[in-house]
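Coordinates only, no sequence provided:
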């Protein structure tokens, strides 16, 4: 490796001659001195040159911002410098050709570009510390998710994204030519993760899912990262909610432990996940809204965004938390593999988790008996032959089971307050965007 | 959750009445007693019924293997039982409908079915402990890979699998219709991981890659899981080899720590990764083979499988290790972004890692200067316009960098001795297989 000290570690080298390396984040020329700010993965470091050293013919003079440089100098304490230290009498070596200026000034604390500019030039614009911070939070989230489920004895799996059938859900699918046969991109690992409960009992998968989503909204992507879990030997969906609670708590802990710098930069605190997330049955939620909110959602098969916002506020008032489970969703709005509520067959043993007034996670108990699958498909007028591979799983002994799926980008958007999920997607794919 | 004790924990409950739950792995009826072996995620447990209890009209009598059951009984020490304990006077409750028999007897220690049967019925056949073990090793591998790179300050990323351009490599690509535009499935995250070196310095990704691979061999898949890493501020490819060594050591440690039971079941030990993996330059390797092996590979632009096997044996004789780096591959066999060897431009700063006589990993240093990319494309007669989005990255300051990609299934196959990579792929995709 190029021998160097990271910006964040400079303070431990006062009095020594060291080399730092990174991107020339900013050059500021004053009358008698020039400041060079160098950005590396750990943060920013300052080097100070007497202006007499910055001769017009020196290589340093011509270096534009974003040029990659190594800077060797003596570490001196200076309370005004970032991190309380700076490099003096530096020698500057460019490591790449001089950079073309980025589409906006990356050194300004605030992001001064709009979303299209940010996305069109993502490889460069994401270098801005504020934009990068969201992805540090996302990475920490995934690590926390895995740690929580590893601790519960889950097995990580990788299931195919090219699938034979487009029948899983009502979502729109992308089709492709597979060696002359029609095939599709998986909308979720749902069928596979259920099948693998039969093998491992408890599985999770972090991977891409694909939706040929014709809606052009701030919440929808054609490709996103899904954090999926599925597990067996549950009593009912309350066990799924309990494991989801632990997964979310793990995600929040992961962010707190691994992305402290990003949180600080964005002025955020990780969410507090209560030991037990409160719940309100779907039917009770509609009654409550009808009684208190000023509108009447009863009879609707789903919660509206207004309903979710109101329930989020209610949970905060009533329980002091940003999280609320809503179990008991109507069966008509849930996929055929959903387990109905015993004694109340129009309702389901499935739930949404509302976080900050918006649906974050859907999950629930699934059917596990072969005969129940056949009945569920018959009731919906669907041909079981289209699901032959999937139904086979339930002929060979499956325990009561359930699971959930968390959209990583949606979680990160809520955490960072991003108005558009694209802000926290490295290279988003949507109706209008296929590059970079 | 269904209240139960795992099979592996039964020994701590001698004298207590407990419930276990899992799949009826085996029922063995003797004259006076019937043994039920129950399989759960932790292993096997035995329950013993006096045959007088197994009346023809009892539900227990009719339960076929693979039925999911809960069994409540008293834990009694018995040296002959698996784990040294068994459940006596058990009450058996089926949790699913009676199971259809699996395509082969899952309770026999050896797998008695051929690969097509195993793959056609994967959701059931993978329940066989020997078949499942490979996937426990795979999951442990990935955890070890991440732990090693997390320890080196890498950031995990998720890059798009639907891409605009099919130009990255010579590999065959799958095309799809993307809202009316042509698009492709990514053959690797190569371009994205390089771009993200500009953002995070050090990145890794674990995700699916897609190859419309027309070869029907034991080593090729149309979709597989790639462990990708890329990082900046390297001196040359030796830094990439050093990080790869640490990643491989982490994978081996992950397997040892997390998949001990699977290793034991398969009679395996995790590989020993030396502190420094020996290396031999591609040209020197050919000279050595010509001098000692009995054939002359000099002038060939690649190593043949025989060359690799011979070199693997040579490394074992010479250095006592199953690992060998071969840097200096001819530029003609490497992609255009490969960094040439200084002073020897026909050779590259890229390498293969040979493990047990077979190429396991390819990696190397990449070009990092914009002008070098333009020259490399011109030399190959390629139009830079086709790479506009990618080339943009190098106009904005990129450090010297490199990386590698490890095929998870290929690694697991080598570790377990699987003759066919499909044996260690949950639901393989190839020229002839798109389901389950």
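That came in fine, so what should we check first? Everything numeric in this text was worked out from a predicted model, so none of it was measured. Numbers count the residues shown, from 1 in each chain, chains lettered A, B, ... in the order given.

just checking, residue A:339 touches residue A:348?
Yes: contact criterion C-beta atoms under 8 Å: residue A:339 and residue A:348 qualify, at 6.7 Å. (Each C-beta comes from the backbone N, C-alpha and C, glycine too.)

what do those two both touch?
Taking C-beta atoms under 8 Å, 6 or more residues apart in numbering or on different chains as the contact rule, residue A:339 and residue A:348 both touch residue A:364.

Buried residues, the longest strand that chain A contains. List them.
Taking DSSP state E as the criterion, chain A has its longest strand at strand A:17-29. Buried residues in strand A:17-29, defined by neighbour count with 16 or more other C-beta atoms under 10 Å in any protein chain shown: A:18-27.

Let me have the residues you listed in TSV, extended by distance to chain B and pLDDT.
Shown next, in TSV, are the buried residues of strand A:17-29 (distance: C-beta to the nearest C-beta, whole Å; pLDDT from 0 to 100):
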residue	distance to chain B	pLDDT
A:18	14	98
A:19	11	98
A:20	10	98
A:21	5	98
A:22	8	98
A:23	6	97
A:24	8	96
A:25	11	96
A:26	13	95
A:27	13	92
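
Using TSV, please lay out the residues you listed together with distance to residue A:410.
Formatted as TSV, those follow (distance: C-beta to C-beta, whole Å):
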residue	distance to residue A:410
A:18	42
A:19	42
A:20	37
A:21	36
A:22	32
A:23	31
A:24	36
A:25	31
A:26	34
A:27	39
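
and of those, the nearest to residue B:191?
When the buried residues of strand A:17-29 are compared for distance to residue B:191 (C-beta to C-beta), residue A:23 wins out at 19.7 Å.

right, and that closest one touches residue A:71 too?
No: checked against C-beta under 8 Å, the pair residue A:23 and residue A:71 is beyond contact range at 11.3 Å.

Name the residues contacting each of the two.
With C-beta under 8 Å, 6+ apart, residue A:23 and residue A:71 have common neighbours residue A:38.

for residue A:230, what are its contacts?
Residue A:230 touches A:193-194, A:196-197, A:202-204, A:401-403, counting by C-beta under 8 Å, 6+ apart.

What of residue A:231?
Per C-beta under 8 Å, 6+ apart, neighbours of residue A:231: A:154, A:197, A:201-203, A:240, A:243, A:401-403.

which of the contacts of residue A:230 are close to chain B?
Contacts with chain B within the contacts of residue A:230, counted by C-beta under 8 Å from any C-beta of the partner chain: A:196, A:202.

Mind putting the contacts of residue A:230 into TSV with neighbour count and secondary structure?
Shown next, in TSV, are those (neighbours: other C-beta atoms under 10 Å in any protein chain shown; DSSP: H, G, I helix; E, B strand; the rest coil):
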residue	neighbour count	secondary structure
A:193	23	helix
A:194	24	helix
A:196	30	helix
A:197	25	helix
A:202	20	strand
A:203	28	strand
A:204	27	strand
A:401	24	strand
A:402	29	strand
A:403	25	strand
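
ok, the contacts of residue A:230 vs residue A:233, which is closest?
Using C-beta to C-beta, those come closest to residue A:233 at residue A:401, 7.4 Å.

right, and the closest one touches residue A:194 too?
Yes: at 6.9 Å, residue A:401 counts as touching residue A:194 under the criterion of C-beta under 8 Å.

picking up where we left off before, in its sheet, what does the longest strand of chain A sit against?
strand A:33-40 (antiparallel), strand A:68-77 (antiparallel) (DSSP bridges).

quick one: buried residues of the last one?
I take that to be strand A:68-77. Across strand A:68-77, burial judged by 16+ other C-beta under 10 Å covers A:68-73, A:75.

Same question for the shortest one.
Of the residues in strand A:33-40, those scored as buried under the neighbour-count criterion (16+ other C-beta under 10 Å) are A:34, A:36-40.
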